[in-house]
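1. below is the sequence, then the predicted model.
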Amino acid sequence: MKIDKIIAAGHVMPVIVIDRAEDAAPLGNALLEGGIQTAEVTLRTPAALDAIEAMAKACPELTVGAGTVMTADHARQVRDAGGCFAVSPGATDALIKGCSEADLPLLPGASTVSEMMALGEKGFSILKFFPATAAGGLPFINALVSPLAQFQFCPTGGITLATAPQWLALPNIPCLGGSWIAPQKLIADRDFSTITQNARAAAQLNKG
Ligand code: 3PG
């Protein structure tokens, strides 16, 4: 699956930090029950790769990828765990090469116009905008609509259910990500019913 298809699967992608791999299957089911079809499990905990593997196995209808992917080794590990895509906070040549060699679609992060142009030269047209709120927020990404018309952005960082509609109203934002759907604490508390409620609210957000 290519990154454009993955992005097209929904307007909101939960960004997940998970401490116990055994929570991955119920978490994936909770997201699916709420209508979410794509999930990004960040490589920020020792359990992350096992969680990706468990979630991908238990929830074949969920497109499970990895976030905070920084190196070629990460790319191989994600592929071997059954992850379908990688999201990175920034981008390096080594990471891009590693994802390509692992046949892992990459959503590379950028937060400046020069980074975006450099990724454009490497063939990327769908980018993660990170850290979205801190790096200039809505006014920044809105200012790119005309001059950087060839790009679409998936912003993450500081976005909430309340602010998501403003982001999705922009023509260059097909989807966005955030941790508010499945926060680390709700997962740790195994509060999957609240996660399903959050997922439902997120899945009902419309593209403006
Ligand atoms: C992150 O940095 O974890 C993601 O960009 C999500 O950010 P958030 O926790 O502000 O939603």
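-> Cool, got the structure.
2. for the most centrally placed residue in the chain, helix, strand, or coil?
-> Compute the mean C-alpha point of the chain, and by CA atoms, centre = their mean the closest residue is Glu40, 4.7 Å away. Using DSSP: H, G, I helix; E, B strand; the rest coil, the three-state assignment for Glu40 comes out as strand.
3. how close does the closest residue to it other than its chain neighbours get to the ligand?
-> Once its chain neighbours are removed from consideration, Glu40 has its nearest residue in Gly67; the separation is 4.1 Å (CB to CB, 6 or more residues apart in numbering). For every residue, glycine as well, the C-beta is placed using N, CA and C. Relative to the ligand, Gly67 is positioned 7 Å away (CB to the nearest ligand atom, to the nearest Å).
4. and Leu186, how many neighbours does it have?
-> Other residues near Leu186 come to 19 when the count uses other CB atoms under 10 Å.
5. look up how far Phe85 lies from it.
-> 24 Å (CB to CB, to the nearest Å).
6. over to Ala54?
-> 17 Å.
7. again with Leu168
-> For Leu168, the distance to Phe85 under the criterion CB to CB works out to 20 Å.
8. kindly report the same for Pro46.
-> Here the criterion is CB to CB. By it, Pro46 lies 21 Å from Phe85.
9. again with Ser179
-> Taking CB to CB as the measure, Ser179 and Phe85 are separated by 18 Å.
10. what residues are up against the nearest residue to Ile6 once chain neighbours are set aside?
-> Setting aside the residues directly before and after it, Ile6 is nearest to Phe85 in space (CB to CB, 6+ apart), at 5.2 Å. Residues in contact with Phe85 (CB atoms under 8 Å, 6 or more residues apart in numbering) are Met1, Ile3, Ile6, Thr63, Gly65, Ala66, Leu104, Pro105, Leu106, Leu107.
11. bridging residues for the fourth one?
-> In this structure, Thr63 has beta-bridge partners Thr38, where bridges are defined by DSSP bridges.
12. please, which helix or strand holds Asn29?
-> Per DSSP states H and E: Asn29 is located in helix 24-33.
13. that helix packs against which elements?
-> Packed against helix 24-33, as judged by 3 or more CB pairs under 8 Å, 6 or more residues apart in numbering; DSSP states H and E, are the following elements: strand 38-42, helix 48-58, helix 192-203.
14. give the rounded mean pLDDT of it.
-> What helix 24-33 shows for mean pLDDT is 98.
15. try stretch 46-63
-> Mean pLDDT, taken over the full extent of stretch 46-63, equals 98.
16. from the chain's centre, how far out does that stretch sit?
-> Using CA atoms, centre = their mean, to the nearest Å, the mean C-alpha position of stretch 46-63 is found 14 Å from that of the whole chain.
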